[in-house]
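Visitor: Predicted model follows, preceded by the sequence.
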Protein chains: 2
Amino acid sequence: MNKSIFYHAGCPVCVSAEQDILNLINPSDVEVVHLGNDRAKIAEAEKAGVESVPALVTPNGNVLHINFGASMADVKG
Amino acid sequence: MNKSIFYHAGCPVCVSAEQDILNLINPSDVEVVHLGNDRAKIAEAEKAGVESVPALVTPNGNVLHINFGASMADVKG
């Protein structure tokens, strides 16, 4: 299976969702990207269709927006 | 691991998210509840904190609202 990518920005909602996702999915199947620390990935996330964080991009390219921590506009600051 | 419960109501967003979740998580670890067909479970879902569908309630009781298909008010009709 290809990896999923979990995008977050360190917000409390993000951290809580990250822990839940890593409990549910094999952590080796998920790449975790912190957009606050790795700002070069913001464009990649937007291109994938991420509108808010936290979000999980599945191996087939679907975007699952999980709860709501912050909009991408907030992440870009 | 205890089971997660995936609540949905048959909407297109729900069906798409269900397929993604069942690809990511071992299907034997997820109970799928269709609130449109199993209306007795609506109160249980609301008590768990589900505000919209699709939503996944994790084994530790956290609610992950995934994208947005319909509010619980819509589900109750």
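Guide: Here it is on my side, so go on. Numbering: from 1, shown residues only, chains lettered A, B, ... in the order given.

Visitor: tell me which parts of chain A are close to chain B?
Guide: Taking CB under 8 Å from any CB of the partner chain as the criterion, chain A approaches chain B at residues A:4, A:16-17, A:20-21, A:23-25, A:29, A:56, A:58-60, A:62-68. Every residue, glycine included, has its C-beta placed from N, CA and C.

Visitor: ok, of these, which come out buried?
Guide: Among those, the ones that count as buried by 16 or more other CB atoms under 10 Å in any protein chain shown are A:4, A:16-17, A:20-21, A:24-25, A:56, A:58, A:62-68.

Visitor: For the longest helix seen in chain A, which helices and strands make contact with it?
Guide: For chain A, the longest helix by residue count, based on DSSP state H, is helix A:12-24. Counting contacts by 3 or more CB pairs under 8 Å, 6 or more residues apart in numbering or on different chains; DSSP states H and E, helix A:12-24 is packed against strand A:4-8, strand A:30-34, strand A:52-57, strand A:63-71, strand B:63-71.

Visitor: from the middle of its chain, how far away would the fourth one be?
Guide: Think strand A:63-71. Mean-position distance between strand A:63-71 and its chain equals 8 Å (CA atoms, centre = their mean, to the nearest Å).

Visitor: Would you mind listing where chain A has pLDDT under the threshold?
Guide: In the predicted model of chain A, residues A:1 satisfy pLDDT under 70.

Visitor: cutoff 90 now
Guide: A:1-2, A:77 (pLDDT under 90).

Visitor: since we're on the nearest residue in space to A:Ala48 that is not next to it in sequence, how many residues are nearby?
Guide: Among residues not flanking A:Ala48 along the chain, A:Val57 sits closest, at 4.9 Å (CB to CB, 6 or more residues apart in numbering or on different chains). By other CB atoms under 10 Å in any protein chain shown, 21 other residues sit near A:Val57.

Visitor: From B:Cys14, how far off is A:Val57?
Guide: Distance of A:Val57 to B:Cys14, computed by CB to CB, to the nearest Å: 19 Å.

Visitor: what does A:Asn26 give?
Guide: Separation of A:Asn26 from B:Cys14 (CB to CB) stands at 24 Å.

Visitor: Neighbour count for these two, which is higher?
Guide: Neighbour comparison, A:Asn26 and B:Cys14: the larger count goes to B:Cys14, with 25 against 12 (by other CB under 10 Å).
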